[in-house]
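S.K.: please find the sequence and the predicted model below.
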Amino acid sequence: MASGTDGFSGNAGQQALDRFAQMMIERMERMKADDWKQGWIGGAGSAGLPQNVMGRNYSGSNSFFLQLHSATKGYELPVFLTFKQAHNFKAHVLKGEKAFPVIYWDMMVRDKDGKKISSDEYRSMSREERKNLDAIPFIKAFPVYNLDQTNFREVQPERMQKIIDKFKVPELRDTRGMYAHGALDSMVAGQTWLCPIQADRKESGAYYSPSRDIVVVPMKEQFNKGTTPQEIYRDGMEFYSTMLHEMAHSTMTPERLNREAGAKFGDPKYAKEELVAELTAAMISHSMGFDSKVTDNSAAYLDSWIGALRQEPKFIVSVMADVNKASEMILDRVDAQRLALGEPPYLAKNDPLLAPLADEICPFKNAAIIKTRSGDFAVRASYNGIDLGLKPIERSTARMYFQLTDQREKDIFLGSTIRKNYESEIAGIDRRASKSLSIV
């Protein structure tokens, strides 16, 4: 059985960035050596974005690199869990399996006297309270394992089957035998994207025009060049992948995501924007069940991208932050179409069955577990507009809360902690509210 820490050291955040950069460099070099025949991630994927075992999607760099890691290792599904989550499901990590890093931003905070303040306490403070504090952001990492690295399948067969069913890729073909994506077709037909998408005229190539604010894609039949049913099916995928690339470019405008695209082909900002569009299309395509190949226009940038990553691995953080925003903007619109068609959304937050309102999980405002200046821990919250005050809690309770990595799990834990500690206060507020309603 693997250990819970898996050797992740104090500088795990930087190690994770170095690993991500090296993975990207190796992938680009393989694509280049194969004359661009290999896609960004490799092979057909399962229909869905990487998520943890509780159903929450990973974001930013994590989503793309968990996709790439899953494809490289040949994992059946891009579903991951922590050592503790495996234990909670009465499962364990198989002997010899190595964890993969998931990164997140944290802060090192000190007051004017140099005393350390927890990042959770800092986040619960008002802007005025933060004025005299010194906050330095940094990247942290924690280890996760793919379900295939555990005995989850054996000990949770019913849950595992539900996860497998969720990620199944339906084979949908149009009348020509090309891959078809109903939600994207519906988006083009109804022109529900952020700008017009022209895909009904013969064109020599695809592009996004900032001056006209329009995405132009050759007709789908122009991509139909295959000679076998399999090749023709994949030609349809190439059509949608190309469309997604140009849609990603269209998110860059000042009124949308406000990215600097560069003035001309070849300059660094132009190169970065091209990489953002490439990886956005790759991540979304893979979540739809197919791979996205590097475009001819982008192939010229591979060497400069490799050089930038070798010189500064943190370059990937900046790129993936933009990729995550663009991907979410596109998938939000795609999900709206999928829900209208009676299909499940790609993003868990858009699933009415999986994403209950935050108020249903934790119906409290200003809720937080904090470390007091005396070194003890306390919980605070307000309920129905009434401040519940500050109450001390056990150190073990606080430790359990801070060890949780899934935000939904943290919200549920925080809500139950507040109910337990303020049971009489909450009951009193509810009674007074009930009496008030009766009088009216």
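M.R.: Arrived safely, thanks for sending. If you're wondering where the values come from, they're calculated on a predicted model, not measured in any experiment.
S.K.: wait, Y301 touches K272, no?
M.R.: No - Y301 is beyond contact range of K272, at 9.1 Å (criterion: Cβ atoms under 8 Å). (C-beta placed from N, C-alpha, C; glycine too.)
S.K.: for this protein, longest helix please?
M.R.: helix 315-340 (DSSP state H).
S.K.: so P392 sits in a helix?
M.R.: No - if the criterion is DSSP: H, G, I helix; E, B strand; the rest coil, then P392 is strand and not within a helix.
S.K.: just give the nearest non-adjacent residue to it, would you?
M.R.: A378 (5.1 Å; Cβ to Cβ, 6 or more residues apart in numbering).
S.K.: show me the strands in the stretch 151-300 of the chain, by range?
M.R.: Along the stretch 151-300 of the chain, counting by DSSP state E, counting those that start in this stretch, strands occupy 197-198, 207-209, 214-216.
S.K.: for G48, find the nearest of the ones you listed.
M.R.: strand 197-198 (24.1 Å; Cβ to Cβ).
S.K.: give me the sheet partners of that closest one and which way each runs.
M.R.: Counting by DSSP bridges, the strands paired with strand 197-198 are strand 214-216 (parallel).
S.K.: so how far is the partner strand off the chain centroid?
M.R.: 26 Å (Cα atoms, centre = their mean, to the nearest Å).
S.K.: contacts for that strand?
M.R.: 193, 195-199, 203, 206-209, 243, 246-247, 249-250 (Cβ atoms under 8 Å, 6 or more residues apart in numbering).
S.K.: quick one: contacts for L404?
M.R.: Going by Cβ under 8 Å, 6+ apart, L404 touches K410, F413.
S.K.: when you give positions from now on, start the count at 41
M.R.: Got it, first residue is 41 now, which makes that one L444.
S.K.: residue contacts, M68?
M.R.: L342, W345, I346.
S.K.: what's the answer for Q189, then?
M.R.: Contacts of Q189 by Cβ under 8 Å, 6+ apart are V133, L134, E137.
S.K.: which non-adjacent residue is nearest the second one?
M.R.: If you skip the residues right next to it in sequence, L134 has Q189 as its closest partner in space, 5.8 Å away by Cβ to Cβ, 6+ apart.
S.K.: which members of the contacts of M68 occur in helices, if any?
M.R.: Going by DSSP H, the helices hold L342, W345, I346 from the contacts of M68.
S.K.: if we can go back for a sec, most neighbours among the contacts of Q189, which one is it?
M.R.: V133 (25 neighbours; other Cβ atoms under 10 Å).
S.K.: would you list the phi and psi of that residue?
M.R.: phi -80, psi 130 (degrees, to the nearest 10).
S.K.: just give me the residue right at the centre of the chain.
M.R.: In the chain, the C-alpha nearest the mean C-alpha coordinate belongs to S99, at 2.0 Å (Cα atoms, centre = their mean).
S.K.: burial of A408, as a residue count?
M.R.: Applying other Cβ under 10 Å, I find that A408 has 18 neighbouring residues.
S.K.: over to K242?
M.R.: Using other Cβ under 10 Å, K242 is surrounded by 8 other residues.
S.K.: residues touching it, list them.
M.R.: P258, M259, Q262 are the contacts of K242 under Cβ under 8 Å, 6+ apart.
S.K.: buried subset of those residues, written for ChimeraX?
M.R.: Those of the contacts of K242 that count as buried under 16 or more other Cβ atoms under 10 Å are selected in ChimeraX with:
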select :258,262
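S.K.: could I get the contacts of K242 as CSV with distance to E300?
M.R.: Converted to CSV, those look like this (distance: Cβ to Cβ, whole Å):
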residue, distance to E300
P258, 28
M259, 32
Q262, 32
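S.K.: by neighbours, which of the contacts of strand 254-256 wins?
M.R.: Counting by other Cβ under 10 Å, top hit in the contacts of strand 254-256: M287 with 27 neighbours.
S.K.: quick one, what contacts that residue?
M.R.: Contacts of M287 by Cβ under 8 Å, 6+ apart are W233, I237, Y248, V255, I370.
S.K.: any chance of the ones in helices among the contacts of M68 in CSV, with distance to R59 and pLDDT too?
M.R.: Formatted as CSV, these follow (distance: Cβ to Cβ, whole Å; pLDDT from 0 to 100):
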residue, distance to R59, pLDDT
L342, 20, 81
W345, 17, 89
I346, 16, 88
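S.K.: just those residues now: which is nearest E434?
M.R.: Distances from E434 to those, taken by Cβ to Cβ, are shortest for W345, at 50.1 Å.
S.K.: need the per-residue pLDDT for the nearest residue to the closest one once chain neighbours are set aside.
M.R.: Closest residue to W345 apart from its sequence neighbours, by Cβ to Cβ, 6+ apart: L315 at 5.7 Å. The per-residue pLDDT reported for L315 equals 92.
S.K.: now do the contacts for the residue nearest to I203 when sequence neighbours are not counted.
M.R.: Using Cβ to Cβ, 6+ apart and skipping residues adjacent in sequence, the residue nearest I203 is V119, 5.9 Å away. Residues near V119 by Cβ under 8 Å, 6+ apart: P90, Q91, N92, V93, N186, L187, I203, F207.
S.K.: out of those residues, which is most surrounded?
M.R.: Busiest of these [other Cβ under 10 Å] is P90, holding 28 neighbours.
S.K.: separation between the residue nearest to Q262 when sequence neighbours are not counted and V256?
M.R.: Leaving aside its sequence neighbours, Q262 sits nearest to K242 (Cβ to Cβ, 6+ apart; 6.5 Å). As judged by Cβ to Cβ, to the nearest Å, K242 and V256 stand 11 Å apart.
S.K.: how about Q125?
M.R.: In terms of Cβ to Cβ, Q125 sits 46 Å off from V256.
S.K.: looking at the two, which is more packed in?
M.R.: Q125 (21 against 18).
S.K.: then the helix or strand hosting the more buried one to CSV, C-alphas only?
M.R.: Per DSSP states H and E, Q125 falls inside helix 123-128. Output of helix 123-128 as CSV, limited to C-alpha atoms (Å, rounded to 0.1, in the frame of the first residue of the first chain):
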residue,chain,number,x,y,z
PHE,A,123,-5.1,9.1,-0.1
LYS,A,124,-7.6,10.2,2.5
GLN,A,125,-10.5,10.0,0.1
ALA,A,126,-9.6,6.5,-0.9
HIS,A,127,-9.5,5.6,2.8
ASN,A,128,-13.0,7.2,3.3
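S.K.: need the next SSE after it, C-terminal direction.
M.R.: Counting by DSSP H and E, what follows helix 123-128 is strand 140-150.
S.K.: which strands and helices sit next to whichever helix or strand comes after that following strand?
M.R.: Using DSSP H and E, the next helix or strand after strand 140-150 towards the C-terminus is strand 156-157. The contact analysis (3 or more Cβ pairs under 8 Å, 6 or more residues apart in numbering; DSSP states H and E) places strand 156-157 against strand 140-150.
S.K.: sweet, I'm off.
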